[in-house]
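Visitor: Sequence below, structure please.
(2 chains)
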Number of protein chains: 2
Amino acid sequence: MKNILIIGCGLLGSSLLRSIHRKKIAKRIFVYEKSKKNILKIKKINLPGTIVKSLKEGVKNSDLIIFCTPMSEYKNIILKINNYITPNCLITDIGSSKIESSKIIKKFLKKEISWVSSHPIAGSEVSGPEHGKYDMFFDKWCVLIKEKNTKKKHLFVLNKFWRKIGSKTVVMTPKKHDKIFSITSHLPHLIAYNLVKSAQEFEKKQNYDLIKFSAGGLRDFSRIAASNEIMWRDIFFNNKDNISKAINLFIKNLIEFKKDINSKNDNSILKKLIQTKKVRSKIIKLKQDIDKPDFGRN
Amino acid sequence: MKNILIIGCGLLGSSLLRSIHRKKIAKRIFVYEKSKKNILKIKKINLPGTIVKSLKEGVKNSDLIIFCTPMSEYKNIILKINNYITPNCLITDIGSSKIESSKIIKKFLKKEISWVSSHPIAGSEVSGPEHGKYDMFFDKWCVLIKEKNTKKKHLFVLNKFWRKIGSKTVVMTPKKHDKIFSITSHLPHLIAYNLVKSAQEFEKKQNYDLIKFSAGGLRDFSRIAASNEIMWRDIFFNNKDNISKAINLFIKNLIEFKKDINSKNDNSILKKLIQTKKVRSKIIKLKQDIDKPDFGRN
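Guide: Got it, this is the predicted structure:
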């Protein structure tokens, strides 16, 4: 890799920037960021790379372009970069859903340009370049998206890139990707938002001050429900069919739980509670979470 | 306080044991534990206090008895201790729901004996005396339950006890308690169990290996869904009316979210996502959770 352009320098864009710099993966790193507030932050914390004032400047000089913006901005940016981009440049993105963005890319990106999508499974509830970390992607999974027209050499290049970043890679179709993450990520976020919303409604209706008693469980959900709203609106909209199905499955199971509770069905509920417990040890074994009670909090 | 008997020495009982010992709150601490496995663990890690072989021995010598067993065991233990207990002894418990256990206590406990219930808002997904911590309750809320027949002097004694442990105390009726915690604790646990169950069902049906991609959100729920099944069955059953209502509220809101997503209702969904975000900062401000992104995990 010679030069890399990062478009969008928030939490994940700035983490990639730090990591590419630290691992010396590119000769030059260009950063395009449209928010003046973020640019000021980037300068203040003295992040590496060169901030470009125009997409043109960044695109013309780069071999790899990484979209790190909300997915709803892809179309506008694609229409702009179409004017400067040449076929020797590869594009990727780090968006959390793939089928819909693939449609946008196919529809609007100049024909001879290659885009192979990535999805690093990393993030946090905070936003902005000041929260980025060079090791954000280290030892995390990164899904590489293979479509019909994906060229082997591009997958090879991207695979090498993410491995250098420190990620573990796996290849999937957009369809499989969007199904899996509707369950492991999109539904959990929606559920967290919905739980916090329900608590807020209850608090208002009952006029109880209940947030201060949130340590019994609610606080965990509040972390996820504090995630970036633009990013999550885009994900929910882009993966709506899979998420709808996931919601239906969730509601079906919740109604069954309610029946067990109301009828005090001892066997049925214990079976469920014991069964779900197994997932935690599997997650710990797969090193997908910290191996300490209560996430090591006090 | 002279002598204290802890009945049930699991995660919370052993934490209380450690704390009472460290803070020198009692002259003697007696421990009654029916599980031989736990007794072996207690001896192995050399916990303070005296293990009593019979409830009789512990009850006869104590001024305060603390029930730290699952709530489904209260009745049996009450029937046993009725034979030895005298009116100068106060009983409390640390159960997570209050209306149902209050009925059991009123029905089965010898008439002249006082029981003032407590609920420290503390715990973890792990069980057993080896996981207890002396500072488990430090700076955490402890709810003291006031009923019609609760005597001021007993509330005073318990309040002093929990303050010495290091907890912040608040007084509530059983009704208010069970309503608040149906939302801040019981529903979140049920939702976590239900999400993990739904993921397991999806994984089986699709034959995808999805747990390894759980870092996008699912892993947080898996922690809560690894909690003790006996304790949570008891809570769900004991607070079923409030939990049923909470489930209904949750499903109503989830269906509204689904409508927003399917109709791509930008305004409505953004309003919700922005609104729910506020709870996190409130929780941090109230020191109900760690003030670090991603709970300070890597």
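
Visitor: which residue packs closest to A:R22, ignoring adjacent ones?
Guide: Excluding the flanking residues, the one nearest A:R22 by C-beta to C-beta, 6 or more residues apart in numbering or on different chains is A:Y134, at 4.9 Å. From N, CA and C alone the C-beta is placed, and that goes for glycine too.

Visitor: my guess is the one you found meets A:S15, correct?
Guide: Yes. Between A:Y134 and A:S15 there is a contact under C-beta atoms under 8 Å: 6.9 Å.

Visitor: Could you say which helix or strand holds A:N149?
Guide: For A:N149, there is no helix or strand it lies in under DSSP states H and E.

Visitor: How many residues are close by it?
Guide: Using other C-beta atoms under 10 Å in any protein chain shown, A:N149 has 9 neighbouring residues.

Visitor: Can you list phi and psi of the residue nearest to A:R22 for me?
Guide: phi -60, psi -30 (degrees, to the nearest 10).

Visitor: roughly how far apart are it and chain B?
Guide: In this view, A:Y134 and chain B are 12 Å apart by C-beta to the nearest C-beta, to the nearest Å.

Visitor: got the contact list for that residue?
Guide: A:S15, A:R18, A:S19, A:H21, A:R22 (C-beta atoms under 8 Å, 6 or more residues apart in numbering or on different chains).

Visitor: and if you look at A:P188?
Guide: So A:P188 contacts A:I224, B:L195, B:G216, B:G217, B:L218, B:D220, B:F221 (C-beta under 8 Å, 6+ apart).

Visitor: measure A:N248 to B:F221 for me?
Guide: 18 Å (C-beta to C-beta, to the nearest Å).

Visitor: So between those two, which is more surrounded?
Guide: Neighbours were counted for A:N248 and for B:F221 using other C-beta under 10 Å; B:F221 has more, 30 against 12.

Visitor: how about the residue lying closest to A:Y208 once chain neighbours are set aside, what does it touch?
Guide: The shortest distance from A:Y208 to any non-neighbouring residue, by C-beta to C-beta, 6+ apart, is to B:I180 (5.7 Å). Taking C-beta under 8 Å, 6+ apart, we find B:I180 in contact with A:Y208, A:L210, A:F213, B:M172.

Visitor: How about the helix or strand hosting B:I180, which residues are buried there?
Guide: Here B:I180 sits within helix B:174-181, counting by DSSP H and E. Buried residues in helix B:174-181, defined by neighbour count with 16 or more other C-beta atoms under 10 Å in any protein chain shown: B:P174, B:K176, B:H177, B:D178, B:K179, B:I180, B:F181.

Visitor: Just the closest of those to chain A, please.
Guide: Checking the buried residues of helix B:174-181 against chain A with C-beta to the nearest C-beta, the nearest one is B:I180 at 5.0 Å.

Visitor: At which residues are the helices of the stretch 151-298 of chain A located?
Guide: A:152-165, A:174-181, A:187-206, A:218-224, A:229-238, A:240-262, A:266-285 (DSSP state H, counting those that start in this stretch).

Visitor: now the third one: how far from the chain's centre is it?
Guide: When distances are taken as C-alpha atoms, centre = their mean, to the nearest Å, helix A:187-206 is centred 22 Å away from the chain's centroid.

Visitor: One more: the second one?
Guide: The offset between the C-alpha centroid of helix A:174-181 and the centroid of the whole chain comes to 13 Å, using C-alpha atoms, centre = their mean.

Visitor: Show the average pLDDT along that helix.
Guide: Taken as a whole, helix A:174-181 carries a mean pLDDT of 97.

Visitor: so that helix versus helix A:187-206, what angle?
Guide: On the basis of axes from the mean of the first three to the mean of the last three C-alpha atoms, to 10 degrees, helix A:174-181 is oriented at 40 degrees to helix A:187-206.

Visitor: what's the angle between helix A:174-181 and helix A:240-262?
Guide: Using the same axes, to 10 degrees: helix A:174-181 against helix A:240-262 is 30 degrees.

Visitor: Kindly report the same for the fifth one.
Guide: Using the same axes, to 10 degrees, the inter-axis angle of helix A:229-238 relative to helix A:240-262 is 90 degrees.

Visitor: again, but for the first one
Guide: Per the same axes, to 10 degrees, the angle that helix A:152-165 makes with helix A:240-262 is 50 degrees.

Visitor: go on, the last one?
Guide: Between helix A:266-285 and helix A:240-262, the angle comes out at 130 degrees (the same axes, to 10 degrees).

Visitor: Roughly how far does A:E147 sit from A:T50?
Guide: A:E147 is 32 Å from A:T50, by C-beta to C-beta.

Visitor: and A:N253, what does it touch?
Guide: Applying C-beta under 8 Å, 6+ apart, we find A:N253 in contact with B:N194, B:K197, B:S198, B:E201.

Visitor: For ChimeraX, what selects the buried ones among those?
Guide: Listed next is the ChimeraX selection for buried residues among those, using 16+ other C-beta under 10 Å:
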select /B:194,197,198
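
Visitor: Dump the contacts of A:N253 into CSV; add distance to chain A and pLDDT as well.
Guide: Listed next are those as CSV, based on distance: C-beta to the nearest C-beta, whole Å; pLDDT from 0 to 100:
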residue, distance to chain A, pLDDT
B:N194, 5, 98
B:K197, 5, 97
B:S198, 5, 97
B:E201, 7, 95
